[in-house]
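Q: This is the structure alone, sequence omitted:
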């Protein structure tokens, strides 16, 4: 286990604490001096309260140029990151024509299909041209943009309140959040333990 140096931990907590305090002060004065503008929702209910999006408004916006950076190439081993700038303290980001070639160390492209794979891509295209995409396709299907959304969005549809989910203790976070969002009862068993599965199932109603 990596031990964080005391000074580094202290300075990190101090920095976030300082941003939190100043953010709370700014929100306090915003409610007083900008009440009409902030409460004028033109008949719409507020999407979230002030505290719910506090982190986004007062902390994330200050450093959002470090996150969600767009690319202008296929998400291959190497890809091109687009440079951005802001004129309103990072509330909105504008793209430039400058790009930087970077090594991809955090991709969802597990199988390599998102990039121009020299082996798979030509054969997939050849197969589609030869057999068409509908030869073996189901009549009804669903398309999800990412694996995380597949689990979090599908589980609440398949099961709801009154149902029972017996979940592996090492399940991915997407399955955990999908199970929680379903409203079903969740029972967790130890990973790779058939005996514990039997025990959990036998105690499911207790």
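A: The structure has been received and is ready for your questions. Source: prediction; values computed, not measured. Numbers count the residues shown, from 1 in each chain.
Q: For the protein, which residues score under the pLDDT cut-off?
A: Judged by pLDDT under 70, the chain has its weakly predicted residues at 1, 35-50, 134-138, 205-206.
Q: Show me how it divides into domains.
A: 8-33+50-63, 71-83+90-137, 147-202 (automatic domain parsing).
Q: Would you format those domains as CSV with mean neighbour count and distance to residue 2 included?
A: All C-beta atoms are positioned from the backbone trio N, CA, C, and that covers glycine. CSV is the format used below for these (neighbours: other C-beta atoms under 10 Å; distance: least, C-beta to C-beta, whole Å):
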stretch, mean neighbour count, distance to residue 2
domain 8-33+50-63, 12, 11
domain 71-83+90-137, 12, 18
domain 147-202, 14, 22
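Q: ok, now which ones touch the residue lying closest to residue 64 once chain neighbours are set aside?
A: In space, and not counting its chain neighbours, residue 64 is closest to residue 90: 5.3 Å by C-beta to C-beta, 6 or more residues apart in numbering. By C-beta atoms under 8 Å, 6 or more residues apart in numbering, the residues touching residue 90 are 61-65.
Q: So which of these belong to strands?
A: If you go by DSSP state E, those have nothing in strands.
Q: Which of those residues sits closest to residue 6?
A: Within these, proximity to residue 6 (C-beta to C-beta) peaks at residue 63, which comes in at 23.7 Å.
Q: all helices for the protein, in order.
A: 6-33, 35-39, 54-55, 61-63, 120-131, 147-158, 173-182, 194-202 (DSSP state H).
Q: Tell me which of the ones you listed approaches residue 81 most closely.
A: Closest to residue 81 of the helices of the chain is helix 61-63 (C-beta to C-beta; 16.2 Å).
Q: quick one, what contacts the nearest residue to residue 85 once chain neighbours are set aside?
A: In this structure, residue 85 finds its nearest non-sequential neighbour in residue 94, 5.8 Å apart by C-beta to C-beta, 6+ apart. Shown in contact with residue 94 (C-beta under 8 Å, 6+ apart): 84-87.
Q: how near is residue 94 to residue 63?
A: Distance check for residue 94 against residue 63: by C-beta to C-beta, to the nearest Å, it reads 17 Å.
Q: most centrally placed residue in this structure?
A: Nearest to the geometric centre of the chain sits residue 148, at 7.5 Å (C-alpha atoms, centre = their mean).
Q: residues contacting the residue nearest to that residue when sequence neighbours are not counted?
A: In this structure, residue 148 finds its nearest non-sequential neighbour in residue 174, 4.3 Å apart by C-beta to C-beta, 6+ apart. The contact partners of residue 174, by C-beta under 8 Å, 6+ apart, come to 147-152.
Q: So which of the residues you listed is the closest to residue 195?
A: residue 151 (26.5 Å).
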